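Colleague: When you get a sec, could you give me coordinates for this:
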Amino acid sequence: MEKIQTYGDLLEKIKNEEKFLLYIKSEGCSVCEADFPKVKEITDKNNYTSYYIQTDEMAEAVGQLNLYTAPVVILFYNGKEIHRQARIIDFIELDYRIKQTL
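Modeller: All right, here's what the predicted structure looks like:
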């Protein structure tokens, strides 16, 4: 899972990539660290492009994408958000939603 460094880079990915998963985590969030490898395993298994951002390093994304908790998983498809889970991630549901876009 590749880290996105700037909000501009994130906007480019949303605009130009057909589909991808965005994982949002914050500094000092133990749930974020615990869920990260599980989400990565699901995206790897489905050969699904995935990125992550740190909320403390990208304040603009926090406001623009309404990221007021962590972790958050967002699926983007053709430039639009099609699925979001926050705080408690249902990995079975996430896997199902990813498979719907394949």
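
Colleague: Specify the beta-bridge partners of the most centrally placed residue in the chain.
Modeller: Nearest residue to the geometric centre of the chain (C-alpha atoms, centre = their mean): Leu22, 1.9 Å. Beta bridges link Leu22 to Tyr51, Ile74, judged by DSSP bridges.

Colleague: Would you agree it is in contact with Thr55?
Modeller: No: counting by C-beta atoms under 8 Å, Leu22 sits too far from Thr55 to count as a contact (11.7 Å). C-beta here means a position set from N, CA and C on the backbone, and glycine is covered the same way.

Colleague: Please enumerate the shared neighbours of the two.
Modeller: Common neighbours of Leu22 and Thr55, using C-beta atoms under 8 Å, 6 or more residues apart in numbering, do not exist here.

Colleague: follow-up on the earlier one: so how far is Glu12 from the residue nearest to the centre of the chain?
Modeller: According to C-beta to C-beta, to the nearest Å, Leu22 stands 13 Å off from Glu12.

Colleague: Next: Tyr48.
Modeller: 19 Å.

Colleague: So the two - more neighbours on which side?
Modeller: For Tyr48 and Glu12, the more surrounded residue by other C-beta atoms under 10 Å is Tyr48, and the numbers stand at 17 against 12.

Colleague: Might you report the residue contacts of that one?
Modeller: Counting by C-beta under 8 Å, 6+ apart, Tyr48 has contacts 19-21, 42, 98, 102.

Colleague: for Met58, same thing?
Modeller: Contacts of Met58 (C-beta under 8 Å, 6+ apart): 4, 6-7, 10.

Colleague: which pair in the residues you listed spans the largest distance?
Modeller: Ile4 and Tyr7 (8.5 Å; C-beta to C-beta).
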